[in-house]
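Novice: Any chance you could fold what I've pasted below:
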Amino acid sequence: MNNASTQSPLTESIAELRTLMVEKDQLHSISSAAYNVKVVSPEGSGVTIYTYELNGHLVGLAFAGKQSKPLWHFNYPNEAAREKKVSATIAAFAASAEAKKATAQARKDFKHDFKVGDIFVASWGYDQTNVNYFQAVEIKGKSVVVREIASKSVNDHQVTAVKDSFVGDPLVRRAGQSGIKINSTYNAYKWDGKPSYETPFGQGH
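Specialist: Numbers count the residues shown, from 1 in each chain. Here you go, the predicted structure:
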């Protein structure tokens, strides 16, 4: 559809609509007997909604993006009920798009305050809890160079970091709102100096 911000002109059949729409897979959900077909897809909303009539029923059909599986596909008792659903869906998608935009901007604008000597802790594991500590050894703009450091037990189930006791090679990691991503398994967060729980040796699964 050339003008995605407004509804298309009234169409007499689904066959006519097929000549206008790019996402033809979505039209497979609409009977060829449908008439008075309209489509609305507000620019940037990520949603496409079709309204039509079939066998005397008012019908609404919505899709997210280019997906071919409908979000919803209902009959309505009157035009007001259908319009309420259409408006609510558009509003929800618009709000979601704005939230994603704001999150992306916040991530872009984020500036960390980490400094050399800061210690980060990562707590991770499945069916058991493992703890690793890392220490910042260099700051490179939005990235932090860290090295893993040793830990020591303070009781049967807690450990604490041993500053400057390096046991790993330098890792250059981008700092973000969710800490420092060490690898695909876990992130590390600035340590508050308190001991961390770790599953005692031999008790994991």
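Novice: Spell out the residue ranges of the helices in the chain.
Specialist: Listed in chain order, the helices of the chain (DSSP state H) span residues 14-18, 79-109.
Novice: could I get the ones you listed as a markdown table with distance to residue 50?
Specialist: For glycine as for every other residue, the C-beta is placed from the backbone atoms N, C-alpha and C. Rendered in a markdown table, the data for the helices of the chain read as follows (distance: least, Cβ to Cβ, whole Å):
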| stretch | distance to residue 50 |
| --- | --- |
| helix 14-18 | 8 |
| helix 79-109 | 10 |
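Novice: per-domain residue ranges of this protein.
Specialist: Structural domains annotated on the chain: 14-109, 119-192, as defined by automatic domain parsing.
Novice: which one of the helices of the chain is the most hemmed in?
Specialist: Comparing the helices of the chain by mean neighbour count (mean count of other Cβ atoms under 10 Å), helix 14-18 ranks first with a mean of 16.
Novice: thinking again about what came up before, can I get the helices of the chain in TSV including distance to residue 174 and mean pLDDT?
Specialist: Conversion of the helices of the chain to TSV gives the following (distance: least, Cβ to Cβ, whole Å; pLDDT from 0 to 100):
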stretch	distance to residue 174	mean pLDDT
helix 14-18	47	53
helix 79-109	11	90
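Novice: Out of the domains of the chain, the one nearest residue 198 is which?
Specialist: The stretch from the domains of the chain with the least distance to residue 198 (Cβ to Cβ) is domain 119-192; that distance is 4.5 Å.
Novice: what's near enough to touch the residue nearest to residue 175 when sequence neighbours are not counted?
Specialist: What sits nearest to residue 175 in space, not counting adjacent residues and going by Cβ to Cβ, 6 or more residues apart in numbering, is residue 112, at 4.1 Å. Contacts here follow Cβ atoms under 8 Å, 6 or more residues apart in numbering; on that basis residue 112 touches 142, 144, 175-176.
Novice: Can you turn the buried part of those residues into a ChimeraX selection?
Specialist: One line in ChimeraX is enough to select the buried members of the contacts of residue 112, burial here meaning 16 or more other Cβ atoms under 10 Å:
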select :144,175
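Novice: Perfect, I'm done here.
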